[in-house]
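[1] Any chance you can model this:
(2 chains)
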Amino acid sequence: MLKMEHVYKTFFPGTINEKKALVDLNLELEDGDFVTMIGGNGAGKSTTLNAVAGVWPVDKGRILIDGIDVTHQPEHKRARYIGRVFQDPMLGTAGGMMIEENLDIASRRGEFPGLRWSMSEEKHEKFYRMLKELDLGLEDRMTSKVGVLSGGQRQALTLLMATLRKPKLLLLDEHTAALDPKTAEKVLGLTRTIVERDALTTLMITHNMRDALRFGNRLIMMHEGRILIDVRGGEKQKLTIRDLLAMFEKASGGEGDVSDKMLLG
Amino acid sequence: MLNLAVSTVAQGLLWAILALGVYVTFRVLDLADLTCEGSFPLGAATAAAFLAGGHSIATAVLAAAVAGMLAGAVTGLLTTKMKIPALLAGILTMIALYSVNLRIMGKANLSLLGVPTVFVKIQGLTGLNHTYTTLVAGLAAVLAVGFLMYWFFGTEIGAAIRATGFNQQMIRAQGVNTDMTVILGLVISNCLIALSGAMIAQNNGFADVGMGVGTIVIGLASVIIGEVLFGTRSFSNCMVSVVLGSVAYRIVIAVVLQLGMPPNDLKLFTSILVALALAMPMIQAKFKGRKVSR
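    Numbers count the residues shown, from 1 in each chain, chains lettered A, B, ... in the order given. Now for the predicted structure:
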């Protein structure tokens, strides 16, 4: 579903701040893969997601989504294939607009906006049913501005928006990192439900090793702009945090540092 | 006295179209667009030149609207495609328009004396005096513009423009080209501002190359006064607030002039008013902070 071939990205090239963020990155996601991605700060996790989403052009390499070469497509063009949830709950929604307006925009993801009146009774009912399924009480506040919602509610709404139109690819960039543990658990549960229900090909960054092991059918660890560890299926099921640390030590030649944050989240 | 009151309200309505234009950039798109200072006299100059050249009122007003749209498009292209900060892009267009406006009029001031403006026409049809004519025309223009705007910003593309102002990242992730929405917002804003200029020129009986000075501050004053006095609950509420804010601003000006403030101090007064209003949240926070720390 997703194919990244020899992708390179360097930030601030030729300056003292030069940062090789992605180095010859190769990654292939099968249809229906639910991949969790871990790695220390600056390992290239978010950079990988942003490269796929087209936030900026990559320096070298090719990116294909479902066989379509999107390497040179701008961010808004790729949006038709991709649903995204960001770490910052503020980023995924328009805070000054109503819940139903946000959902309406998401229901047309990738379409060119036309001159049709955007809201209708029919849509209102459709969104009502969807919000009721979320079970967060949002269905009775559809005309409230999103800005008055809590971080967890906003992330749940963003998740719903990202998957309202089934995306070929769902990108989750530490989408529960800014939430309290209880809310994070709820949003993660919701993520699992939606991903399994729609069989979505998903790439989820987390800094929590336990979550990385609990979720998905495949685990990728990044280090210095490369993929260090890639385990899947039955092998992943048997994996423990101790195994991961040992693999990381071995693969990175013992010079990598595993922060407490990465361990405990 | 009654005549003065009616005249004040009527002026407020004509200027409300400018205020709605400023609202589109300042609040909806969340950027300060100084193109306003050039597109307002551009609308005036274009309408005046067409009317003086013997064209119909409809042609003149339409030409002014199109000219305003072009001015907005220039600023939009400069800020999106050329990555020039919006404030600077607006200044560049504004300065350029000074020359353009002189070219359009052929001189610094173009009189419409004896030219059948929209107000002369209405006066002829209804027999109302100049003040009431202005009121009727202003009201009709504001209603027409208001309904069009309300409809447009409720459509899919209108919603996309509003979302752009709140969160560009979000609307791009939803597949909308934010360059397009920013340009479109600037086009609409400056179209309204030029329309306002076209109406004011006809009402004054002349277009002047210097009539744009301070229009952005007048627009901001109207937006802010309106929001404070009449609320911001919904988009339609905001629009009504801005229109009433424009009228309220004219009333404030009329009152201070009646109280004896020299007209030359008007722009100083308006700027202080807007600066105070914009600083209000800061001042309130300071005040609250001090109370807490005690």
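[2] shouldn't B:I225 be in contact with B:G245?
    Yes: the criterion here is CB atoms under 8 Å, and B:I225 meets it with B:G245 at 4.3 Å. Just so you know, the C-beta spots here come from the backbone N, C-alpha and C atoms, and that holds for glycine as well.
[3] Distance of B:W151 relative to A:I105?
    In this view, B:W151 and A:I105 are 18 Å apart by CB to CB, to the nearest Å.
[4] Compare the two (neighbour count), which wins?
    The neighbour count for B:W151 versus A:I105, taken as other CB atoms under 10 Å in any protein chain shown, is higher for A:I105 (26 against 12).
[5] Would you map the strands across the stretch 1-150 of chain B?
    For the stretch 1-150 of chain B, the strands defined by DSSP state E, counting those that start in this stretch occupy B:109-111.
[6] So which bits of it are right by chain A?
    Neighbours of chain A within the stretch 1-150 of chain B, by CB under 8 Å from any CB of the partner chain: none found.
[7] Let's see that with 10 Å instead.
    Within the stretch 1-150 of chain B, the positions near chain A by CB under 10 Å from any CB of the partner chain are B:27-28, B:30.
[8] and what of the stretch 151-294 of chain B?
    Residues of the stretch 151-294 of chain B lying close to chain A by CB under 10 Å from any CB are B:151-181, B:232-235.
[9] make it 7 Å
    Neighbours of chain A within the stretch 151-294 of chain B, by CB under 7 Å from any CB of the partner chain: B:154-157, B:159-160, B:162-163, B:166-167, B:169-170, B:172-177.
[10] before we move on, back to that, the more surrounded of B:I225 and B:G245?
    Looking at B:I225 and B:G245 with other CB under 10 Å, you find the greater number of neighbours at B:G245, namely 27 against 24.
[11] That one against B:L20, yeah?
    No: using CB atoms under 7 Å as the test, B:G245 is too far from B:L20 to be in contact (10.2 Å).
[12] Show me what A:K19 is bridged to.
    Beta-bridge pairing for A:K19 (DSSP bridges): A:F11.
[13] so what's it up against?
    Neighbouring residues of A:K19 by CB atoms under 7 Å, 6 or more residues apart in numbering or on different chains: A:10-12.
[14] how much space between it and chain B?
    22 Å (CB to the nearest CB, to the nearest Å).
[15] Quick one: name the residues of chain A near chain B.
    A:75-76, A:79-80, A:84, A:91-97, A:101, A:104-106, A:108-111, A:113-118.
[16] If any of the residues you listed are buried, put those into a PyMOL selection.
    To isolate the buried subset of the residues of chain A next to chain B in PyMOL, counting by 16 or more other CB atoms under 10 Å in any protein chain shown, use the following:
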select buried, chain A and resi 75+76+79+80+84+91+92+93+94+95+96+97+101+104+105+106+108+109+110+113+118
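[17] So which of the residues of chain A next to chain B sit within helices?
    Of the residues of chain A next to chain B, the ones assigned to helices by DSSP state H are A:75-76, A:101, A:104-106.
[18] Greatest separation within those: which pair is it?
    Spanning the widest gap among those are A:E75 and A:E101, at 21.4 Å by CB to CB.
[19] Spatially nearest residue to A:G110, not counting backbone neighbours?
    Closest residue to A:G110 apart from its sequence neighbours, by CB to CB, 6 or more residues apart in numbering or on different chains: A:R80 at 2.7 Å.
[20] Contact partners for the one you found?
    A:109-110, B:175.
[21] which residues of the stretch 151-265 of chain A score low on pLDDT?
    Applying pLDDT under 70 to the stretch 151-265 of chain A flags the ranges A:253-265.
[22] And the strands in it, which stretches?
    A:169-173, A:202-205, A:218-223, A:226-232.
[23] same check, this time on the stretch 151-294 of chain B
    So, for the stretch 151-294 of chain B - with DSSP E, counting those that start in this stretch - the strands run B:206-208.
[24] Any stretches of it with poor pLDDT?
    B:289-294.
[25] which residues in it form helices?
    Using DSSP state H, counting those that start in this stretch, the helices of the stretch 151-294 of chain B run over B:156-166, B:168-173, B:178-204, B:215-230, B:235-258, B:266-293.
[26] How about B:A19, nearest residue that isn't a chain neighbour?
    B:S222 (3.6 Å).
[27] For the one you found, the count of nearby residues, please.
    Look at B:S222: counted by other CB under 10 Å, it has 29 neighbours.
[28] mind checking how far it is from chain A?
    B:S222 sits 20 Å away from chain A, going by CB to the nearest CB.
[29] From B:C36, how far out is that residue?
    12 Å.
[30] Please apply the same query to B:Q11.
    In this view, B:Q11 and B:C36 are 18 Å apart by CB to CB.
[31] For these two, work out which one has more neighbours and name it.
    The neighbour comparison of B:Q11 against B:C36 (other CB under 10 Å) goes to B:C36, with 35 against 23.
[32] for stretch A:37-48, how far is the first residue from the last?
    By CA to CA, to the nearest Å, the extent of stretch A:37-48 from end to end equals 10 Å.
[33] State the mean pLDDT of it.
    Mean pLDDT, computed over stretch A:37-48, is 92.
[34] Mind listing what's buried along the stretch of helix or strand A:K126 belongs to?
    Counting by DSSP states H and E, the element that carries A:K126 is helix A:121-134. By 16+ other CB under 10 Å, the buried positions in helix A:121-134 come out as A:126-127, A:131, A:134.
[35] how about the nearest residue to residue 247, chain neighbours excluded?
    Just going to use chain A. Nearest non-adjacent residue to A:M247, counting by CB to CB, 6+ apart: A:I229, 5.3 Å away.
[36] wrong one, chain B
    Spatially, and ignoring its direct neighbours in sequence, B:V247 is nearest to B:G12 (3.3 Å; CB to CB, 6+ apart).
[37] surely that neighbour meets B:G245?
    No: counting by CB under 7 Å, B:G12 does not reach B:G245; the two are 8.8 Å apart.
[38] give me every residue that touches B:I251.
    Contacts of B:I251 by CB under 7 Å, 6+ apart are B:T8.
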